[in-house]
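Visitor: Build me a structure from this.
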Amino acid sequence: MPVELTGKVALITGGSNGIGAASARRLASLGVRVVVADVDVDQGKLVADEIGGVFVRCDVTQPAESVEAVAVAVRSFGGLDLAFLNAGIGTGCSLGDDFDVEVYRRAMAINLDGVVYGVAAALPAVRAAGGQIIATASMAGLMPMPGDPVYGANKAAVVGLVRSLAGAYPDIRVNALCPAFADTDIITPLRSTLQDIGMPILPVSTVVDTFMSIVEGSGTGEAWFVQSGRPSEPFGFRNPPGPRNPDGSRIDAARKDPVSIALEEN
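Guide: Below you'll find the model as predicted:
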């Protein structure tokens, strides 16, 4: 049965372009009231006006700006059902002789810190609504990324964050969207190389289809991959080592935090 989204409220960071803008349009077409948050003010206002939403300038590297973006959603529409923490950049940052600390810190600040700050800002409102948080990670968070190891580290951290948050906050849903190379500005420096080696480039609409599968689904703590040639689904983290009792039986660490486990054992 289709999920009824009419009247729900969504906040999208990185909402001015690419996956964020396309997701804003898709949600708005289904009756969702959308707050577009971005540092690209001109384009962000165009998207917000187009969909009948609200724009707020938001630099995700600044915690106070994520707090304000959530406040705008609550003031404008009365609450927040979905926080789509989508803002991100490529890095092109190697760890060799050309390692650039400033490039590294900027990538970490946007791709990882921005998600952390966004979660911290959105949690109260999303929990009040019994809603959900979706963070854009990447296939680079699920497999090695030799061409951009810092980006791979950023996105793997987002996947780990999402999986842990799902256990910490069982009253909401928290998931990650993990696309391969999609047709957005982030691949501009790589586009010719990708085309030369025959690497498929995903249409943005395909990524948004998977985003909507997450929105309308029921799972939590999942990392949905989007890849050419196969249906999207949650990546299977099969048989992770995990904590075990001395007899070898598994401890459900996703359900119990270490303090609770210790209290039960004492």
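Visitor: C-alpha only now, for contacts and for neighbours.
Guide: OK.
Visitor: before we move on, which element is residue 229 in?
Guide: Assigned by DSSP states H and E, residue 229 belongs to no helix or strand.
Visitor: And the pLDDT at it?
Guide: Note on residue 229: pLDDT of 88.
Visitor: I would like the residues contacting stretch 20-31, please.
Guide: Stretch 20-31 is contacted by residues 5-8, 12-15, 33-34, 36, 47, 51-52, 86-87, 204-205, 208, 211 when judged by Cα atoms under 8 Å, 6 or more residues apart in numbering.
Visitor: how distant is that stretch from the center of its chain?
Guide: Put simply, stretch 20-31 sits 16 Å off its chain's centre (Cα atoms, centre = their mean, to the nearest Å).
Visitor: List the buried residues for that stretch?
Guide: Using 16 or more other Cα atoms under 10 Å as the test for burial, stretch 20-31 gives 20-28.
Visitor: Make TSV out of those and add secondary structure.
Guide: TSV is the format used below for those (DSSP: H, G, I helix; E, B strand; the rest coil):
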residue	secondary structure
20	helix
21	helix
22	helix
23	helix
24	helix
25	helix
26	helix
27	helix
28	helix
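Visitor: Which of the residues you listed sits closest to residue 141?
Guide: Nearest to residue 141 among the buried residues of stretch 20-31, counting by Cα to Cα, is residue 20 at 18.8 Å.
Visitor: quick one on the thing from earlier: now list the buried members of the contacts of stretch 20-31.
Guide: Neighbour-count burial (16+ other Cα under 10 Å) is assigned, among those, to 5, 8, 12-15, 33-34, 36, 47, 51, 86-87, 204-205, 208, 211.
Visitor: So which of those residues belong to helices?
Guide: Judged by DSSP state H, helices contain the following of the buried ones among the contacts of stretch 20-31: 47, 51, 204-205, 208, 211.
Visitor: Dump those into CSV; add pLDDT and distance to residue 99 as well.
Guide: Below are those laid out as CSV (pLDDT from 0 to 100; distance: Cα to Cα, whole Å):
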residue, pLDDT, distance to residue 99
47, 98, 36
51, 98, 41
204, 88, 31
205, 93, 35
208, 96, 34
211, 98, 34
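Visitor: Understood, closing this out.
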